Structures are given as C-alpha cells and as structure tokens.
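# coords please:
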Amino acid sequence: MSDGITTYLFKKHNSRLFKDGFSGSTANNFYFFIGKSSPWTDEGSPPEATNSVANVRYNPWVTMTAMKRIKTADTTYVVPRYDWTSGTSYRRYDSADGFGSANATPFYVMTADNYNIYKCIDNNNNSASTTKPTGTSTGLTSTADGYTWKYMTTLVSTQINSFLTTNFMPVKTLLADDTTTQWDVQVAAASSNGAIHKIIVSAGGGGYLEVSNTFASVTANGSSFTIQSSASSINNIYNDSVMHITAGTGAGQIRRIIDYIGTTRTVTVNSEFTPVPTTASSFRIAPRVIITSGSRPESSGTRATAVCRVSAGAVANVTMISNGTKYRDAQVRIFANTSHGSGATARAIISPPGGHGLNIEEELYAHNVLLFSSLTGTESSTIPVDNDFRMIGVIKNPLRANTSVTPNVKASADNYDLTTKINFTSLTGTFAQDEIIRNSTKSANAIIVFANSTVLKVYNSNGTFSVSDSITGSVGGATATISTITNSLVAKYTGDVMYVENRAAVLRSSAQTEELKLILKF
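The predicted model follows:
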C-alpha cells in the first residue's frame with residue numbers, strides 16, 4: 001500500500017482556521033509580547049528557546065514586560081518572494097505539477113520596481129526569461145523572450161510597509177471591489193475558468209507532414225481550394241489533417257481536410273471558412289490536434305482547439321487557437337492520415353477552478369500567515385522605552401487580573417504593561433535598570449525595568465512585596481520604603497504562549513519604532 005498525502009488544501013484549512021480566529025463573535029485575542037531586559041549569561045549567544053512545559057507555561061511570563069494586541073488587519077497570507085531577475089528560467093504553471101511542495105524553481109515573480117505579481121503560463125520550453133513582464137492587463141501577456149505571463153495583482157502601500165519582507169510577500173484574495181486592478185483580474189477570470197492555455201508535447205513521433213503557402217485559387221463557397229505546386233501530388237495524403245489560415249482574410253480559422261486530389265492539388269474541408277480566405281491568405285496544413293474530455297459540461301463550456309507545428313517529421317509544438325472553458329480534465333491526441341505520421345503524444349494544462357487570477361491565495365499556494373505589529377514610543381505609557389528587550393513571543397487569550405466578580409475574562413485592551421509598579425519614599429542612593437531589589441527579610445526579589453526617584457517598574461518577582469517593606473538595590477545599595485504596589489492588569493500564567501524567541505538585545509527609545517513580523521508556517 002502506498003503512503004497517502006495531506007494536500008496543500010489541508011495546510012490552507014489549518015492556516016484559515018488560525019487566521020479566522022482573529023475576528024468574529026468567537027474571536028481569540030492574540031498579543032505580541034516583549035520581555036527579558038536583563039542580560040543573558042552570554043550576550044553574544046542567546047539561549048535557544050525549548051518546547052518544554054517550563055519554557056512554554058512559566059518562564060516567558062516571568063520575564064514579560066509588555067504586550068500589544070494583534071488585530072485582523074495585522075495578519076495576512078504570505079508566499080515566498082521571488083523578484084523577477086533576467087536570465088532566470090521560471091517554471092510554467094502546470095495543473096499536473098506539485099507546486100504545493102518545495103521546489104527551488106519559482107512559477108511566479110514580483111517586479112521589484114512596481115510590486116506587480118505575475119504567474120508564468122509559458123516559459124518558452126524552459127528558456128531563460130530576459131524580458132521583464134509589464135502591464136496590468138486582465139488577459140495574458142506575451143514578452144519578447146517567448147514567455148507568457150498572467151498579471152495577478154499589485155501590492156499596495158499597506159501591504160508593502162507592513163507585510164513585505166526580504167523572503168516573503170503578502171497575497172490577498174479580494175471579497176469585494178476595492179477599485180484596484182486585482183478586482184478587475186478576479187472578475188475577468190471567469191473567461192478562463194477551466195481553459196487550456198498550453199499543450200505540452202511529450203513525444204514528437206515521426207513521419208508527420210506539414211505544408212504552408214498561399215492559395216492558388218479559392219472557390220466561392222469557401223470549402224474547396226487549389227494550393228501551390230509545392231504540395232504533395234499523392235491523392236488523399238492530407239486527409240484528416242487540418243488546414244489553418246495563418247494570415248490574411250480568414251486568419252485564425254481551422255478546418256479538417258476531408259479530400260485531397262494530388263494531381264490538381266485541390267483541398268476540400270469539412271465546412272466552409274467564414275470569412276472566405278483569398279489568394280493572399282496564408283495557410284498551413286498539419287496533423288490534427290484532437291482535444292476530448294470526460295467531465296467538461298458540454299452544455300455550458302466552450303471547446304478548445306489547437307494546431308501543431310512539424311519539424312523534420314516530428315511534432316515540435318502545439319499552439320492554442322481557442323482556449324475553451326470549463327475543462328476539468330482533457331486528453332490530447334495528435335492525428336494524421338494513416339499513411340504517415342505516428343508516435344506523437346501531448347497533454348493539456350488546465351487553468352485552476354474559476355480561472356487564472358480568481359484566487360491568488362490558492363493559486364500561489366499561500367498557507368503561511370504573517371503577523372505584524374509595531375511598537376512606537378511608549379504606546380500610551382504601557383511599553384518601556386528606557387530599556388531593551390531580549391525575548392519576543394505571541395500569546396493567545398491571556399486573562400485579565402482582578403476579576404473575582406466575573407472570572408475568566410479575556411484581556412482585550414490594545415496594550416498592557418506587564419510589570420509591577422512600586423511607588424516608594426525615603427530614597428537613599430539611586431536605583432539602576434536591571435539590578436535586583438530585595439526586601440529587608442530577603443523573602444522577595446525582582447528585576448528593575450524602569451526607575452526614577454519615586455517609582456520602580458519590576459518583573460521576575462519572586463515572593464511577595466508588601467506596603468511599608470524596606471527595599472535595597474543589589475548593585476548600588478540604594479534603599480527606599482514601599483508606599484504603594486500596583487500589579488499588572490493581566491493575570492500571570494494564563495492563556496497559551498504560541499511562540500517564543502530569544503534574541504540579542506533590542507534597545508528602545510522614544511524616537512524609534514520597532515516592527516515585529518512573525519511568519520507561521522502551516
């Protein structure tokens with residue numbers, strides 16, 4: 001028995017559950033927290049966070065100094081960022097390819113000068129891309145290097161400023177018209193729902209015929225033609241091949257050949273061309289490409305048509321004439337007269353459900369979520385700016401403290417100061433940041449985050465300080481008497497710590513802003 005897989009849709013399901021948890025009537029309250037203002041034992045090598053009970057349930061709470069809420073607008077799906085670079089060979093979109101798995105070759109790009117995102121539809125037989133895709137057309141865009149691109153969206157300023165990183169970029173499927181070009185792309189996507197934009201030749205086979213030229217004469221009914229003398233003189237040799245009008249009047253039309261008289265080089269097709277080609281029109285006769293499907297709704301979809309090119313007797317490529325719509329599967333056969341040509345095989349690449357550009361999140365396999373927050377100044381006097389921090393993390397649904405009347409109330413304010421505030425009198429000396437204070441009985445101690453001549457803010461409290469306790473600093477020997485104690489509004493050891501990271505010291509100041517970006521991979 002072979003092993004099963006969990007599909008990329010399962011990853012998206014899990015990430016959706018998480019992201020949707022930030023909004024709605026049953027929303028979870030998530031917060032970024034910072035902490036650990038005192039130095040590590042080795043400042044140059046912060047210890048690795050471990051996934052132990054102590055490190056998840058207890059230790060982060062001991063060192064937390066402040067937290068800021070993460071709101072719905074602070075979350076987005078992200079995908080790996082690939083800036084378009086000349087000379088790179090990009091993958092083409094392929095409905096049979098495992099894009100949801102790791103692969104070093106990207107199939108989409110962002111143009112770094114204008115933040116446009118494009119998906120590669122055709123890569124000119126794995127050639128290097130040398131012409132940057134441009135424009136915001138809702139259709140497909142072909143470039144001089146033979147590539148075909150699908151414009152998806154342009155990142156807006158809020159996405160760029162909050163969510164764009166060196167390695168990841170945000171994507172968002174729109175649910176309503178926001179007047180951007182992305183909405184136009186999504187609306188237009190229906191025209192390519194289940195369309196076939198590319199047929200790949202798997203094997204070229206051999207012995208196939210192709211002839212191209214202009215007409216020597218055209219009958220009035222547009223179904224019988226005399227072609228130039230360069231064509232074969234063998235009767236019926238082109239029967240069941242196709243005639244494609246490549247230029248001039250009638251260009252783009254394709255018909256099946258049902259009779260060929262070699263002596264007069266007269267071709268008869270299965271139905272007349274409309275408009276009728278002229279002797280100035282160009283044609284090509286080549287093997288027939290037959291596209292069939294077992295599941296396309298014939299009543300509502302449209303049929304795809306294509307023509308092939310022959311080189312040295314082998315089928316070299318297939319070009320789409322009409323992409324069709326609403327295919328879910330497709331089989332491709334290369335067919336010619338039984339007297340010549342065999343062995344060519346090909347397969348169709350079908351557009352995603354809804355069409356290219358309808359759902360950028362699913363089409364680019366977005367199942368990672370970025371959380372963003374910024375710390376500006378003191379954030380309403382809740383986050384210290386006079387000290388540094390060495391720990392960041394995310395916590396879900398911490399509870400408010402002092403809720404004996406209505407217990408288990410989730411913390412919901414935008415910001416919280418998690419330190420204990422100690423007002424004091426009778427100061428002698430000067431308390432310093434990051435030193436330890438102890439009461440006179442040495443039954444309680446804590447680390448100073450902030451200090452002035454009347455107030456201390458402390459964390460990592462062990463034991464219980466009481467009003468009227470005498471306190472002493474461990475470094476300078478300063479002393480004082482506690483007058484009041486104000487505990488944090490958040491209850492310690494509540495909620496679920498979802499993420500913890502130890503890092504080198506980050507020094508804050510009132511004139512700077514720290515940005516916190518966390519990517520959760522599902």
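# how does this protein divide up, domain by domain?
1-96+155-192+353-418+490-522, 202-322+333-345, 419-487 (automatic domain parsing).
# turn those domains into a markdown table, including distance to Thr143.
Yep, even glycine has a C-beta here, placed from its N, CA and C like the rest. A markdown table is the format used below for these (distance: least, C-beta to C-beta, whole Å):
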| stretch | distance to Thr143 |
| --- | --- |
| domain 1-96+155-192+353-418+490-522 | 11 |
| domain 202-322+333-345 | 17 |
| domain 419-487 | 57 |
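# same for the helix or strand hosting Thr484, what does it pack against?
Under the criterion DSSP states H and E, the helix or strand holding Thr484 is strand 479-486. Contact partners of strand 479-486 among helices and strands, from 3 or more C-beta pairs under 8 Å, 6 or more residues apart in numbering; DSSP states H and E: strand 420-428, strand 470-473.
# tell me the bridge partners for the spatially most central residue of the chain.
The residue lying closest to the centre of the chain (C-alpha atoms, centre = their mean) is Val79, at 3.1 Å. Val79 has these beta-bridge partners by DSSP bridges: Met169.
# what is the burial count for the closest residue to Ser217 other than its chain neighbours?
Closest residue in space to Ser217, ignoring its immediate chain neighbours: Thr226 at 4.3 Å, by C-beta to C-beta, 6 or more residues apart in numbering. Thr226 has 17 neighbouring residues, counting by other C-beta atoms under 10 Å.
# so for the helix or strand containing Thr226, mean pLDDT?
Take DSSP H and E as the rule and Thr226 turns out to sit in strand 224-227. Averaging pLDDT along strand 224-227 gives 91.
# and stretch 500-510, by the same measure?
89.
# same question for stretch 341-355.
Mean pLDDT, stretch 341-355: 91.
# would you mark the buried spots in it?
For stretch 341-355, the neighbour count (16 or more other C-beta atoms under 10 Å) marks 341, 344, 346-352, 354-355 as buried.
# in strands only, show me those residues.
Counting by DSSP state E, the part of the buried residues of stretch 341-355 found in strands is 344, 346-350.
# return the member of those nearest to Asn235.
The shortest approach to Asn235 among these belongs to Ala344, at 23.9 Å (C-beta to C-beta).
# how many residues are close by the residue nearest to that closest one when sequence neighbours are not counted?
Once flanking residues are discounted, Ala344 sits nearest to Gly205: 3.4 Å by C-beta to C-beta, 6+ apart. Other residues lying near Gly205 total 20 when counted by other C-beta under 10 Å.
# would you map the strands across the stretch 351-500 of the chain?
368-376, 388-396, 415-417, 420-428, 436-439, 445-451, 455-462, 470-473, 479-486, 496-507 (DSSP state E, counting those that start in this stretch).
# what of the stretch 51-200 of the chain?
Listed in chain order, the strands of the stretch 51-200 of the chain (DSSP E, counting those that start in this stretch) span 64-70, 75-80, 108-111, 116-122, 140-142, 148-154, 168-171, 196-206.
# looking at these, which is closest to Ala505?
strand 64-70 (13.1 Å).
# which of the helices and strands packed on strand 479-486 sits closest to Glu501?
strand 420-428 (24.2 Å).
# tell me what that closest one is packed against?
Here strand 420-428 touches strand 455-462, strand 479-486, going by 3+ C-beta pairs under 8 Å, 6+ apart.
# any chance of these in TSV with distance to Asn161 and mean pLDDT as columns?
Shown next, in TSV, are those (distance: least, C-beta to C-beta, whole Å; pLDDT from 0 to 100):
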stretch	distance to Asn161	mean pLDDT
strand 455-462	31	90
strand 479-486	36	95
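# buried deepest among those strands, which one?
The highest mean neighbour count among those, using mean count of other C-beta atoms under 10 Å, belongs to strand 455-462: a mean of 20.
# need the residues that contact that strand.
With contacts defined as C-beta atoms under 8 Å, 6 or more residues apart in numbering, strand 455-462 is touched by 35, 37-38, 62-65, 384, 417-424, 431, 437, 444-451.
# any of those buried? List them.
Judged by 16+ other C-beta under 10 Å, buried ones among the contacts of strand 455-462: 35, 37-38, 62-65, 384, 417-420, 422, 424, 431, 437, 444-451.
# got any ranges where the stretch 251-400 of the chain has weak pLDDT?
For the stretch 251-400 of the chain, applying pLDDT under 70 flags the ranges 295-300.
# if we use 80, what do you get?
Counting by pLDDT under 80, the stretch 251-400 of the chain has low-confidence residues at 294-301, 338-339.
# distance of Asp97 relative to Gly194?
In this view, Asp97 and Gly194 are 17 Å apart by C-beta to C-beta, to the nearest Å.
# so which of those two has more stuff around it?
Counted by other C-beta under 10 Å, Asp97 and Gly194 do not tie: Gly194 has more neighbours, with 26 against 13.
# which residues does that one contact?
296, 301, 324-328, 350-351, 353, 355.
# now with 6 Å?
By C-beta atoms under 6 Å, 6 or more residues apart in numbering, the contact list for Gly194 reads 325-327.
# tell me the pLDDT of the closest residue to Tyr493 other than its chain neighbours.
Residue nearest to Tyr493 in three dimensions, not counting chain neighbours: Trp61, with 5.3 Å by C-beta to C-beta, 6+ apart. With respect to pLDDT, Trp61 has a value of 93.
# Trp61 against Lys492, yeah?
Yes - using C-beta atoms under 6 Å, Trp61 is in contact with Lys492, at 4.9 Å.
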